[in-house]
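>>> Give me coordinates for this.
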Amino acid sequence: MWGDIPYFTEFITTLFIVNLLIAFTIIFLERKNPSAALAWIMILFLLPIAGIVLYFLFSQNIARKKIFRLTSSEERALSESLRIQLEDIKSGNFSFVNPEAEEWKDLIHLNGLYGGSFYTQNNSVSILTGGKHKFRSLMRDIKNAKSSINIMYFIIKNDAVGRRFLQALTQKAREGVEVRLLLDAMGSRQINDRVLGDFIRAGGKRAYFFPPKLKFINVRFNYRNHRKLAVIDGSIGYIGGFNIAREYLGMKKKFGFWRDTHLRVTGNCVHDINARFLLDWRFASKEKLVLSQAFYSDVIDGGKSGVQIVSSGPDSQRVAVKRAYMKMITSARKNVYLQTPYFVPDESILESLKMAAQSGVDVRIMIPCMPDHIFVYWATYSYVGELIQSGGRAYIYNNGFLHAKTLMVDGEVASVGSANFDRRSFVLNFEANAIIYDAREARKLEAIFEKDMESCHELTRELYAERSLWIRCKEGVARLLSDIL
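Residues are numbered from 1 along each chain as shown. Below is the predicted model of the structure:
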């Protein structure tokens, strides 16, 4: 029968059936949120061939896969320690060092119960906002390393900055320091075993997160390890938004000054950063490591800042970073200061911000003036406009590119990390943030935000209403696709 049908008609019929089956899978089996499901169905039927390719590249569900496995003994030890801490906090038996942490103990409890995050309070925090300053600090700590260096970045480029960084790691490996380098295979695609030849020969260890099965095809293209972590000698930790390349040091003309935020920390929270690294490393490298090794090193105990390391990723249905953001926003009494390069929130985050603004909380958001991802930029502009209509205030950063991912609430608690305020960070990327419970550090971050405002212009309701029809069209298209950006 099929042989009597013209080839083109047969092809179109087959294409329609394949798209119909995928649409059926999206609606009834994947249980995506309705807007994401509708966006995918629209793409499948408007771009039937490209839509199938895009779906298989970008819409896999890996939440059912247990990527970061704990041994039974690790599971027992960690869950028991966390259970005891949560019970002490809930019963009032936990002794808090600073009043901010006690004020925000419900957030600490949430992050512990939902996100599996320990709370530590003997930490010292240094805030790094300039790329050159952060790079010098990290390179100095690498140079002084005695026993181990564990580093993972989303992006390391094969440029002058990246090569200098790799040379420093290679030198430490030659000196006998155990060096582990974990790279996201897509973000750091310029780095491969050929580039790392000297590092490998020196004894350095490397692993690639979700490497492609074939040279030019990566079916896990859409799931990236976006974390930026470093642990030196088990006692000094780094977490934040900077990657390793020329632009992050403000050395690329296209972006100019690169405004970002990173933390250098000491104290017991370094154990938690190292544990996060070792879980990722163990999955990517298949090296048989004992996770408890992360907790055995001596720490530099120099402060009284409370810190929780909160991580999330598409391997789990739990959106721990997003949940922490929501709790911070909805608990605000005075102010919410937010910096993000990409603002593509889901409905719950957007409603939380709008509700805070309508309750009289001073809600301010800062975004960059230039796009590095054009569709995301116009979606960001659209959502910012909606927040302005609800009483929030928006500032457009003009002094280069704003890449910081920070949230400060009431001058008491703050978040710094790799997670943007967008759906990609909430459900598709592997992310890690530090939640800081310390009024001194939170106010420092607020003061930095207020200083950045001097390099901004405010996007008022009047200015937003004057945007051209062409901009409105771009916003509409980008917003329609925002669930899959």
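>>> partner residues bridging residue 262?
residue 128, residue 240 (DSSP bridges).
>>> from what I can see it touches residue 243, true?
No: judged on Cβ atoms under 8 Å, residue 262 makes no contact with residue 243 at a distance of 10.1 Å. Heads up, the C-betas are built off the backbone N, CA and C, glycines and all.
>>> So if I had to pick from these two, which one is more boxed in?
Set residue 262 next to residue 243 and count neighbours by other Cβ atoms under 10 Å: residue 262 wins out with 28 against 24.
>>> Using CSV, write out the CA atom coordinates for the helix or strand containing residue 206.
In the assignment (DSSP states H and E), residue 206 maps to strand 205-209. What follows is strand 205-209, C-alpha atoms only, in CSV (Å, rounded to 0.1, in the frame of the first residue of the first chain):
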residue,chain,number,x,y,z
LYS,A,205,44.1,14.3,36.9
ARG,A,206,41.3,15.6,34.6
ALA,A,207,37.7,14.6,33.9
TYR,A,208,35.0,16.0,31.6
PHE,A,209,31.4,16.3,32.7
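>>> before we move on, the earlier item: mutual contacts of residue 262 and residue 243, please.
Common neighbours of residue 262 and residue 243 (criterion: Cβ atoms under 8 Å, 6 or more residues apart in numbering): residue 228.
>>> Provide the contact partners of the strand holding residue 206 at residue level.
With Cβ under 8 Å, 6+ apart as the test, strand 205-209 has contacts from 152, 178-185, 188, 193, 196, 199-200, 224-225, 280-281, 283-285, 287, 430.
>>> Mind giving me the PyMOL command for buried ones among these?
Burial among the contacts of strand 205-209 is assessed by 16 or more other Cβ atoms under 10 Å; the matching PyMOL selection reads:
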select buried, resi 152+179+180+181+182+183+184+185+188+196+199+224+225+280+281+283+284+285+430
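>>> immediately after the strand holding residue 206, which helix or strand?
strand 229-232.
>>> Flag every buried residue along the longest helix along the chain.
Secondary structure of the chain per DSSP state H: the longest helix is helix 72-91. Residues of helix 72-91 classed as buried by neighbour count (16+ other Cβ under 10 Å): 78, 82, 85-86, 89.
>>> in the protein, which ranges drop under the pLDDT threshold?
The chain contains residues with pLDDT under 70 at 1-16, 18-66, 214-221, 293-299, 371-375, 480-485.
>>> tell me the centre residue of it?
Geometric centre of the chain, nearest residue: residue 419, 2.6 Å, by Cα atoms, centre = their mean.
>>> Over to it: give its phi and psi.
The phi/psi pair for residue 419 (degrees, to the nearest 10) reads phi -80, psi 120.
>>> in the stretch 201-350 of the chain, which spans are helices?
269-285, 320-330, 347-358 (DSSP state H, counting those that start in this stretch).
>>> need these in CSV with distance to residue 127, can you?
Formatted as CSV, the helices of the stretch 201-350 of the chain follow (distance: least, Cβ to Cβ, whole Å):
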stretch, distance to residue 127
helix 269-285, 15
helix 320-330, 18
helix 347-358, 24
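>>> what's the closest of those to residue 98?
helix 269-285 (14.3 Å; Cβ to Cβ).
>>> Tell me which other helices or strands that closest one touches.
Helix 269-285 is packed against strand 119-130, strand 148-153, strand 178-184, strand 205-209, strand 229-232, strand 236-240, strand 305-312, strand 431-437, with contacts defined by 3 or more Cβ pairs under 8 Å, 6 or more residues apart in numbering; DSSP states H and E.
>>> what about the closest residue to residue 127 other than its chain neighbours, neighbour count?
The shortest distance from residue 127 to any non-neighbouring residue, by Cβ to Cβ, 6 or more residues apart in numbering, is to residue 444 (5.9 Å). Neighbour count for residue 444, taken as other Cβ under 10 Å: 18.
>>> Offset the numbering so it begins at 56, please.
I'll keep to 56 as the first residue from here, and by that count the last item is residue 499.
>>> just checking, residue 499 touches residue 181?
No: applying Cβ under 8 Å as the test, residue 499 and residue 181 come out as separate, 9.9 Å apart.
>>> May I have the beta-bridge partners of the nearest residue to residue 322 once chain neighbours are set aside?
What sits nearest to residue 322 in space, not counting adjacent residues and going by Cβ to Cβ, 6+ apart, is residue 178, at 3.1 Å. Listed beta-bridge partners, residue 178: residue 360 (assigned using DSSP bridges).
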